[in-house]
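Student: compute the structure for the input listed below.
(one chain, ligands or ions: 2)
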Amino acid sequence: MYINKGRLYIISAPSGTGKTTLCGEVIKRIPNLKESVSYTTRPPRSGERNDINYTFVDVETFKSMLSADEFIEWAEVHQNYYGTSIKRIKEIQESGSDVLLDIDTHGARQIRAKHIDAIYIFILAPSLETLRTRLDKRKTEDEISINRRLGKARDEIKECLFYDYIVINGDLRQAADDLTAIILSNRLRADCLDADWFEAKFGSV
Ligand code: ADP
Ligand code: 5GP
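Tutor: Numbers count the residues shown, from 1 in each chain. Ligands and ions are numbered 1, 2, ... in the order given. Here you go, the predicted structure:
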């Protein structure tokens, strides 16, 4: 299996919920937690930087990576391709960090189907009205694209029950506190204990 080091946190939410903002916030707060930069064929939004927000590639490059099995999961979202590189996940894990993946519900399903150990977190806006307001205020999509994203949101939201945790992103600070609590408490799970450390301190069980 690809995943042998570092926990994998899968974060999904309809576009505009605030997951990019929230993930940025928890990464600042929690040590040894890194986001894997996805590949996408979507054009960069103003202010987005290559290899920081996404690695922006053309369709041909994306498809050749796909044929070479370079993605742990991929999906076509809002008419663009997005994929998570296996190599990037491994690099983060080998550096001793946990990995945050901001991926859509199709991508999350693929990872679940591969029986990869992961923690699934779904972010909800307080309401569909708030979601629209956030998409309007972000001003990165035209009206057609906003309506497409809201249409998809209704289907995506139904999937939240397949996730381990649900965070409501109403007040940003509260939501960041909740997401931080989920990640930190998972680090205290007995099955996260380093077996070598335990044996050195307390002998073998
Ligand atoms: P996503 O990554 O889910 O598409 P973004 O992080 O880009 O969403 O957030 C969408 C918009 O909503 C941005 O303009 C962001 O500043 C704003 N936003 C995010 N979280 C909150 C919040 N808790 N309250 C108000 N506005 C928020
Ligand atoms: P955006 O274009 O607004 O940044 O992202 C649109 C959607 O694509 C979001 O739901 C986001 O979570 C998802 N997404 C971003 N990267 C990936 C990825 O690598 N794989 C999958 N499956 N979805 C992704």
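Student: low pLDDT regions in this structure?
Tutor: The model of the chain has pLDDT under 70 over residues 1-5.
Student: which SS class is the closest residue to residue 13 other than its chain neighbours?
Tutor: Excluding its sequence neighbours, the residue lying closest to residue 13 (C-beta to C-beta, 6 or more residues apart in numbering) is residue 123, at 3.6 Å. To be clear about C-beta, it is placed using only N, CA and C from the backbone, and glycine gets the same treatment. Recorded secondary structure, residue 123: strand (DSSP: H, G, I helix; E, B strand; the rest coil).
Student: residue 123 bridge partners, please.
Tutor: For residue 123, the beta-bridge partners are residue 167 (DSSP bridges).
Student: wait, doesn't it sit right on residue 175?
Tutor: Yes - with contact defined as C-beta atoms under 8 Å, residue 123 counts as touching residue 175 (7.3 Å).
Student: shared neighbours of these two, anything?
Tutor: 18, 22, 167-169 (C-beta atoms under 8 Å, 6 or more residues apart in numbering).
Student: about what we covered before: what's near enough to touch the residue nearest to residue 13?
Tutor: Applying C-beta under 8 Å, 6+ apart, the residues contacting residue 123 are 11-13, 17-19, 22, 166-169, 175, 179.
Student: which among these count as buried?
Tutor: The neighbour-count criterion (16 or more other C-beta atoms under 10 Å) marks 11-13, 17-19, 22, 167, 169, 175, 179 among the contacts of residue 123 as buried.
Student: neighbours of residue 21, how many?
Tutor: Neighbours of residue 21 under the rule other C-beta atoms under 10 Å: 15.
Student: pretty sure it contacts residue 172?
Tutor: Yes - counting by C-beta under 8 Å, residue 21 touches residue 172, with 6.7 Å between them.
Student: for the chain, what spans make up the strands?
Tutor: Along the chain, counting by DSSP state E, strands occupy 8-12, 33-35, 39-40, 55-56, 71-77, 80-85, 98-102, 119-124, 165-168.
Student: next, format the ones you listed as a markdown table and append distance to residue 185.
Tutor: Formatted as a markdown table, these follow (distance: least, C-beta to C-beta, whole Å):
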| stretch | distance to residue 185 |
| --- | --- |
| strand 8-12 | 12 |
| strand 33-35 | 14 |
| strand 39-40 | 31 |
| strand 55-56 | 32 |
| strand 71-77 | 25 |
| strand 80-85 | 25 |
| strand 98-102 | 13 |
| strand 119-124 | 10 |
| strand 165-168 | 10 |
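Student: looking at those, which is closest to residue 152?
Tutor: Ranking the strands of the chain by proximity to residue 152 (C-beta to C-beta) places strand 71-77 first, at 8.0 Å.
Student: between strand 8-12 and the closest one, find me the angle.
Tutor: Between strand 71-77 and strand 8-12, the angle comes out at 0 degrees (axes from the mean of the first three to the mean of the last three C-alpha atoms, to 10 degrees).
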